[in-house]
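Visitor: kindly return the folded structure for what I paste below:
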Amino acid sequence: MEVIKDVSIADFRADQKKNKYHDHPDVRGLYYFVPQELYSKHKDEIKATCKEKGAGLIVDGCPISTVLKPKVRKEVKPLTDNGYIHYLRLFAKKWVRER
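Guide: Numbers count the residues shown, from 1 in each chain. Coordinates of the predicted model:
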């Protein structure tokens with residue numbers, strides 16, 4: 001199992017200012033994935049923020065658990081084949097950069 005890099009509450013708060021992906025027309029449902037330790041320390045703030053944003057929440061503990069499900073944006077259309085390829089390329093670039 002891969003370990004999540006150290007993530008702080010400041011990182012979580014800063015992410016709230018990045019609407020580039022949160023409101024993207026391809027995003028049908030947004031999830032936050034946080035480490036158990038961060039969630040344990042800031043549970044109320046993290047849950048309140050997710051509920052306010054309509055985001056889901058997954059906590060990386062043992063076991064990994066889904067705490068909240070996201071609000072589903074029904075107007076979002078399924079990705080085309082080119083759309084899938086676009087996101088696979090983005091993921092691959094990020095994955096290679098971080099290795």
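Visitor: only C-alpha atoms for contact and neighbour calcs from this point on.
Guide: OK.
Visitor: where does pLDDT dip in this structure?
Guide: By pLDDT under 70, the low-scoring segments of the chain are 1-5, 97-99.
Visitor: the strands in it, which residues?
Guide: Taking DSSP state E, the strands of the chain run over residues 31-35, 56-60, 65-68.
Visitor: compare the ones you listed and give me the one nearest T80.
Guide: Minimum separation from T80 across the strands of the chain (C-alpha to C-alpha) falls at strand 31-35, 21.6 Å.
Visitor: what about the closest one, distance to the chain center?
Guide: Relative to its chain's centre, strand 31-35 lies at 6 Å (C-alpha atoms, centre = their mean, to the nearest Å).
Visitor: pick the most deeply packed of the strands of the chain.
Guide: Across these, averaging neighbours per residue (mean count of other C-alpha atoms under 10 Å) puts strand 56-60 on top, at a mean of 20.
Visitor: how near is A92 to I85?
Guide: 10 Å (C-alpha to C-alpha, to the nearest Å).
Visitor: and K69, how many neighbours?
Guide: 16 (other C-alpha atoms under 10 Å).
Visitor: good, wrapping up.
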